Structure formats: structure tokens, C-alpha cells
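> How does the following fold in three dimensions:
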Amino acid sequence: MKTLMAGVLAVLMLAGCGSHNTSSIAQAPVGGKVNPTRFLVIPADADVEAAKNSLFSAVEQDGVTFDALFGTAASPAGDDLAVCGHASRDAQDRALYFAYYNGELLLWDETAPHGSSTENQFLAMICSYR
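Here you go, the predicted model:
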């Protein structure tokens with residue numbers, strides 16, 4: 001039994017030694033890699049403002065600047081819209097990667113180990129496009 005437990009422990013330790021994403025900046029998913037059924041669309045100004053306001057409900061507004069936000073949708077007509085993008089805070093360039101989807105804010109979790117966060121995986125999927 002001790003041998004079996006030692007073997008399981010060794011496998012778990014080796015699995016934890018795999019490569020991890022150590023980048024301090026969340027990268028936008030490469031188009032076509034995660035979810036090839038979504039399309040890049042131009043979100044309406046009201047949708048962009050809703051996304052910004054949603055982010056400000058989670059983080060302090062002072063010192064936050066936005067890169068150009070983009071939209072992804074289930075069709076070129078804009079069905080099932082998600083507004084995605086990066087925001088910078090003070091000296092942290094592109095520190096916040098987020099999406100506003102179905103009235104909910106999805107914020108990239110930098111503390112989650114690579115590949116373990118369902119929220120990060122969903123954010124990457126919803127912001128990917130062809």
C-alpha cells in the first residue's frame with residue numbers, strides 16, 4: 001500500500017512540474033484556435049459602455065485605460081455578443097483581460113494555474129474568433 005501511495009505521489013509531483021504560463025499579461029486568444037464558430041464583430045457604443053461599466057463594478061475606475069475593445073458573436077449579424085478586451089491600470093500595461101457576456105463580467109484570473117480555471121477557459125473561448 002505504501003508503494004502504491006508513493007507511486008501516486010510521484011505521478012502527482014511530476015504532473016505539477018509541467019510547463020506553466022508564467023506571462024504576467026493575459027494574451028488574447030489566437031483567432032481560430034479555441035472556438036472557430038465565433039466571428040469578430042464591431043460592438044455598438046452602448047455595448048462597449050456596458051462592458052466598461054461592468055469592469056468598473058469589479059475594479060476601481062481611477063487609473064484604468066482601455067485598449068480598443070472588440071466583439072465576438074455566434075454569427076456575423078452579432079448574435080450572442082461578447083465584448084472583449086484589455087485594460088491597463090496605472091503602470092501595469094494590459095493587466096486586465098476581460099469580457100462582458102450575457103450581462104456578466106468575466107475577468108481573467110492571473111492567479112489560477114495554467115489550464116485549471118474554468119472561467120479563464122470560457123473567457124478564452126468566448127473571445128476567440130475566426
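> and Ala73, how many neighbours?
The tally of other residues near Ala73 (other Cβ atoms under 10 Å) stands at 18. Where you see a C-beta, it was placed from the backbone N, CA and C, and this is true even at glycine.
> I'd say Lys52 and Asp67 touch.
No: contact criterion Cβ atoms under 8 Å: Lys52 and Asp67 do not qualify, at 11.8 Å.
> Now do the contacts for the closest residue in space to Gly71 that isn't next to it in sequence.
Take Gly71 and drop its neighbours on the chain: the residue closest to it by Cβ to Cβ, 6 or more residues apart in numbering is Pro43, 3.6 Å away. Taking Cβ atoms under 8 Å, 6 or more residues apart in numbering, we find Pro43 in contact with Ala51, Leu69, Phe70, Gly71, Gly78, Leu81, Val83.
> so what's the closest residue to the second one other than its chain neighbours scoring on pLDDT?
Same thing as Leu69. Excluding its sequence neighbours, the residue lying closest to Leu69 (Cβ to Cβ, 6+ apart) is Gly85, at 3.7 Å. Here, the pLDDT recorded for Gly85 equals 94.
> ok but Gly85 is inside a strand, no?
Yes: under DSSP: H, G, I helix; E, B strand; the rest coil, Gly85 falls within a strand.
> thinking again about what came up before, mind checking how far the residue nearest to Gly71 is from Thr111?
Noted for Pro43: a distance of 28 Å to Thr111, by Cβ to Cβ, to the nearest Å.
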